[in-house]
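**Q** Provide a 3D model corresponding to the input given below.
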Amino acid sequence: MSQRKRESNANELSRRGFLKGAGLGAGAVATGVMTPAETLLAAEKKDEIRGPGELAVTLRVNGRRHRLQVEPRVTLLDALRDRLGVTGPKKVCDHGECGACTVLLDGRPVYACMNLAADVAARNLPVETVENLGTPEHLNTLQQEWVRQDASQCGFCTSGFIMAATALLRDTPHPSPEQVREQLSGNLCRCGTYPKIFAAVEAAARRGPGSA
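**A** Below you'll find the model as predicted:
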């Protein structure tokens, strides 16, 4: 093999390794799971390459473990709704813009449409949805205030708002009006019921522990 051919192959392998590392490691590096060097090394190992077929994963949802098969591209939102029948998170914009699909991931509010199911499973993070908060017969305090303050109209945004507000009340039981607005700024209500939404959260906070 000529020197030029060997150099060409070496460069090709190097580029391939970099691209694999970039694809595998973008999310992991951002969360501090792997360093860039570790990501590149992992990408060179064939057993680290997953997909494009379905993967066996385990999702921890509302305190229960669910084993399922998903392609690497499947979002947490689609896995919840289409594979597990957990339909509280709503699929509205599907672009991380409206907040209707908000769930709690390890206690933090996130857009389910912007997280991959396989990544959540690999990180073994617990997922909590609105189904875990109360039932139609036994609403929790926040849900009761939502009804009392008439904070819903079409209802598509409701579960996302409630999950974002739940995270706030658990972390800050007595938030200021400014903290409520800041926490809910990532959720959109196309019906424009913001004053009643804010009132519901503030009323739940005044009722004290158990609101979320």
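**Q** The protein: helices as residue ranges?
**A** Assigned helices in the chain, in chain order: 3-30, 36-43, 76-78, 117-122, 141-148, 158-171, 177-183, 194-206 (criterion: DSSP state H).
**Q** In terms of mean pLDDT, which of the ones you listed ranks lowest?
**A** Sorting those by mean pLDDT places helix 3-30 lowest, at a mean of 46.
**Q** residues contacting the residue nearest to D106 when sequence neighbours are not counted?
**A** Of all residues not flanking D106 in the chain, L125 sits nearest, at 4.5 Å (Cβ to Cβ, 6 or more residues apart in numbering). Yep, even glycine has a C-beta here, placed from its N, CA and C like the rest. By Cβ atoms under 8 Å, 6 or more residues apart in numbering, L125 lies in contact with 60, 105-106.
**Q** rerun at 10 Å
**A** Contact analysis of L125 by Cβ atoms under 10 Å, 6 or more residues apart in numbering lists 59-60, 76, 104-108, 110, 115, 119.
**Q** Make a ChimeraX selection of the buried ones in those residues.
**A** Of these, the buried ones go into a single ChimeraX selection, burial set by 16 or more other Cβ atoms under 10 Å:
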select :59,60,76,104,105,110,115,119
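**Q** quick one: which two of the contacts of L125 are the most distant?
**A** Maximum pairwise distance in the contacts of L125, criterion Cβ to Cβ, is 17.2 Å, between G107 and D119.
**Q** that older thread, so which of the contacts of L125 are in strands?
**A** 59-60, 104-105, 108, 110 (DSSP state E).
**Q** What is the nearest of those residues to G208?
**A** Proximity of these to G208 (Cβ to Cβ) peaks at L104, which lies at 20.7 Å.
**Q** Kindly provide the distance from the closest one to P52.
**A** Computed as Cβ to Cβ, to the nearest Å, the L104 to P52 distance reads 30 Å.
**Q** try T87
**A** Separation of T87 from P52 (Cβ to Cβ) stands at 27 Å.
**Q** okay, those two: which has more neighbours?
**A** Legend: neighbour count by other Cβ atoms under 10 Å for T87 and P52, higher for T87 (14 against 9).
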